[in-house]
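# below are the sequence and a predicted model for it; my questions follow.
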Amino acid sequence: MRIKLEHGAGGEIMEELIRDVILRNLTLTSAGGIGLDALDDGASIPFGDRHLVFTIDGHTVRPLFFPGGDIGRLAISGTVNDLSVMGAKPLA
């Protein structure tokens, strides 16, 4: 599969990339946590008596600065949202 700019825009094309390329090459489950097989907003791994929740996103926007925002605000908002819906809470 050739990866195109459209694969970073979310939706069906991005899901196809995740399902057909990425998930086929990774360990999907996490013992006692939420693995990639859940296709959730993030994943969690046991960490002592807690769980460490993490997420990653890719954004493809042009221009980097646009009316009402920029790529930095978009990136942090998406990350915080994903962690929040996974039930994550700050440790410090």
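Perfect, I can see it now.

# quick one, strands of this protein?
43-47, 50-54, 65-66, 69-70 (DSSP state E).

# could you dump the ones you listed into TSV and include distance to residue 84 and mean neighbour count?
(Each C-beta comes from the backbone N, C-alpha and C, glycine too.) Written out in TSV, the entries for the strands of the chain read as follows (distance: least, CB to CB, whole Å; neighbours: other CB atoms under 10 Å):
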stretch	distance to residue 84	mean neighbour count
strand 43-47	13	16
strand 50-54	10	15
strand 65-66	24	11
strand 69-70	19	12
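
# what about the helices in this protein?
For the chain, helices defined by DSSP state H occupy the ranges 11-17, 71-85.

# now those helices as a markdown table including distance to residue 61, mean neighbour count and mean pLDDT?
Output for these, formatted as a markdown table (distance: least, CB to CB, whole Å; neighbours: other CB atoms under 10 Å; pLDDT from 0 to 100):
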| stretch | distance to residue 61 | mean neighbour count | mean pLDDT |
| --- | --- | --- | --- |
| helix 11-17 | 14 | 12 | 81 |
| helix 71-85 | 6 | 14 | 89 |
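
# any chance of those helices in a markdown table, with distance to residue 59 too?
Conversion of these to a markdown table gives the following (distance: least, CB to CB, whole Å):
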| stretch | distance to residue 59 |
| --- | --- |
| helix 11-17 | 11 |
| helix 71-85 | 6 |
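
# now do the residue lying farthest from the centre of the chain against residue 45, distance only.
Relative to the centre of the chain, and counting by CA atoms, centre = their mean, the farthest-placed residue is residue 67 at 24.7 Å. Note on residue 67: its distance to residue 45, by CB to CB, to the nearest Å, is 39 Å.

# how far away is the residue nearest the centre of the chain from residue 64?
Note on the chain: the residue nearest the mean C-alpha position is residue 56, at 3.6 Å, using CA atoms, centre = their mean. When CB to CB is the yardstick, residue 56 and residue 64 sit 19 Å from each other.
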